[in-house]
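Engineer: what follows is a predicted protein model with its sequence.
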Amino acid sequence: MLARRLAVACALVGACTPLQPVSEDISEPPPGDLQPVPADRDHTGRTLQLAAVSDEALAVRPLADGSVAVYGRGVLALALGDAPLHSASEWRRGWPNEWVTAVGGRWPDHAFVSAVVSFTRTGMTYVVKRWRDRRWVDAPLAGAPPMLAYYSDFAVAQDGALLGLRGRVDDPMLGGDLAASQQTSIDRLDDGPPPPWPELPKGLVADRLLTFADGSVIVVGIASAFTPSIHRWSPGARKWTALPPPPERGIQVPAFVVGRDPAGLYAYRCAIAGQPALDHMSQGTWQPFPQPEGGCITSLAEAPDGTLWLVNDRGLHRRPQGSAPWEAVPLAPVDAPGKPVAALPGAPEPPPPGPEPLVPQQVLALDRGELWVVATLPDPKQERSRWAVLTTRTVIAPLHLPNLSERTGF
């Protein structure tokens, strides 16, 4: 299930003036000198600009208070508040150089990360860390076996509460008491009162936590017998309500569920054969939803104005609210920093100079028309692709984010 979570441009249309690449370690301004974007500034219509490049796989997630995290194995950069994306050396102290699965909370006092420490035939072991004393330190979950409990997702409630969805590990080595402690639950991570909702149903393994403007909370996961499950709690309710799972449509794989309206969710999934399915919940039932031409859907996001953003094997697409058709949104090639300039003996040849094409992988739509896109920079001459992050937020200069193993002093 964790693998599902990772199965995660200079302009939206056409090209814009390329930014001059600079190294983050040479001319990166300190956080206090970053000029914030005004809070009332509308990002709608602004071009996507290259914000960061890394040799590691990247993902992007929103934090509280409008902040955004760009992260990967040994890689972390933050766009705090309305400021541009930035990477500080101290932010990477203690950061996992392993499989990062979830990031969330509020920077700096209540920021958390979950990661897989090891992955063997007998199962996975995990670590949860939080930012404290100017570094990431272990933060084991109370009442859970060490290395076997983690947060599979984070969210911010309507009232600003910081929430962590506690994952559950099915380990045959756990005894009765320990197994019972693995019950899936939602923890409050800040200093407020405990959540008002009751316990989640027994036997649920959940990996997605959604919160909504009306105070509703939705947990998406797998119930017994590996059947999909969606549970909703509404303010004042005494129990969780089971919502109908997305239709299988001949695809025996779990679905990703997203949306801004608890009564109007979207679910997408793809079979191994490359057959995508996209459904929309309306009046309590799931109905097939139009999708752009192409194969597997890798990412879907709904903006506050109802605009849908979708990534499939043919690129990035946009669909305004209503019955408008899907529009292809091409990403112009970029001249990215950190490109290899010489090959070591026996290594693949470095990519040729000049702009490189982008292949979108993930899209994130936030308030005020703000958009983030994660893409790869593929090169058939290289053993693996590099990764890039684009954003409509102000970019001072694109960052090169090397992995921890490529740095010293950590």
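Structural biologist: Received the coordinates, thanks.

Engineer: in terms of helices and strands, where is the residue of the chain positioned farthest from its centre?
Structural biologist: Distance from the C-alpha centroid of the chain peaks at residue 345, with 36.9 Å (CA atoms, centre = their mean). Here residue 345, judged by DSSP states H and E, is contained in no helix and no strand.

Engineer: any figure for the gap between it and residue 379?
Structural biologist: Between residue 345 and residue 379 the distance is 19 Å, computed by CB to CB, to the nearest Å. C-beta: built from backbone N, CA, C; applies to glycine.

Engineer: ok, residue 276 next?
Structural biologist: According to CB to CB, residue 276 and residue 379 sit 27 Å apart.

Engineer: over to residue 61?
Structural biologist: Applying CB to CB, the value for residue 61 to residue 379 is 27 Å.

Engineer: quick one: the helices in the stretch 51-200 of the chain?
Structural biologist: Along the stretch 51-200 of the chain, the segments classed as helices by DSSP state H, counting those that start in this stretch run 176-180.

Engineer: which pLDDT value belongs to residue 4?
Structural biologist: pLDDT, residue 4: 42.

Engineer: what does residue 76 give?
Structural biologist: pLDDT at residue 76 comes out at 97.

Engineer: counting neighbours, what do you get for it?
Structural biologist: By other CB atoms under 10 Å, 20 other residues sit near residue 76.

Engineer: can you name the residues that contact residue 246?
Structural biologist: Residue 246 is in contact with 228, 255, 257, 267, 269, 277, 279, 286, counting by CB atoms under 8 Å, 6 or more residues apart in numbering.

Engineer: out of those, which sit inside strands?
Structural biologist: Judged by DSSP state E, these include 228, 257, 267, 269, 277, 279, 286 as members of strands.

Engineer: now flag whichever of those residues is closest to residue 96.
Structural biologist: Of all the ones in strands among the contacts of residue 246, residue 96 sits closest to residue 257, with 26.4 Å by CB to CB.

Engineer: from memory that closest one sits against residue 230, does it?
Structural biologist: Yes - counting by CB atoms under 8 Å, residue 257 does reach residue 230; the two are 6.4 Å apart.

Engineer: between those two, what contacts are shared?
Structural biologist: 218, 220, 265.

Engineer: where are the low-confidence patches of the protein?
Structural biologist: 1-40, 121-122, 168-182, 224-226, 251-252, 340-344, 346-351, 382, 404-410 (pLDDT under 70).

Engineer: quick one on the thing from earlier: between the ones in strands among the contacts of residue 246, which is nearest residue 163?
Structural biologist: Proximity of the ones in strands among the contacts of residue 246 to residue 163 (CB to CB) peaks at residue 257, which lies at 16.7 Å.

Engineer: enumerate every residue touching that closest one.
Structural biologist: Residues in contact with residue 257 (CB under 8 Å, 6+ apart) are 208, 210, 218, 220, 230, 246, 265-267.

Engineer: for it, give the beta-bridge partners.
Structural biologist: residue 267 (DSSP bridges).

Engineer: please report the distance of it from residue 309.
Structural biologist: Using CB to CB, we find residue 257 at a distance of 16 Å from residue 309.

Engineer: again with residue 42
Structural biologist: 17 Å.

Engineer: between these two, who's got more neighbours?
Structural biologist: residue 309 (21 against 12).

Engineer: surely the more buried one is in a helix?
Structural biologist: No - counting by DSSP: H, G, I helix; E, B strand; the rest coil, residue 309 is not part of a helix but strand.

Engineer: partners of it in the sheet?
Structural biologist: Residue 309 has these beta-bridge partners by DSSP bridges: residue 301, residue 318.

Engineer: residues in contact with it?
Structural biologist: Each residue near residue 309 by CB under 8 Å, 6+ apart is listed here: 299-303, 316-318, 363, 365, 371.

Engineer: mind running it again at 7 Å?
Structural biologist: Applying CB atoms under 7 Å, 6 or more residues apart in numbering to residue 309 gives the contacts 301, 303, 318, 363, 365.

Engineer: would you check that the third one makes contact with residue 329?
Structural biologist: To tie it back to what came earlier, the one meant is residue 318. Yes - in this structure residue 318 lies within contact range of residue 329 using CB atoms under 7 Å: 5.3 Å.

Engineer: how many neighbouring residues does residue 317 have?
Structural biologist: Neighbours of residue 317 under the rule other CB under 10 Å: 23.
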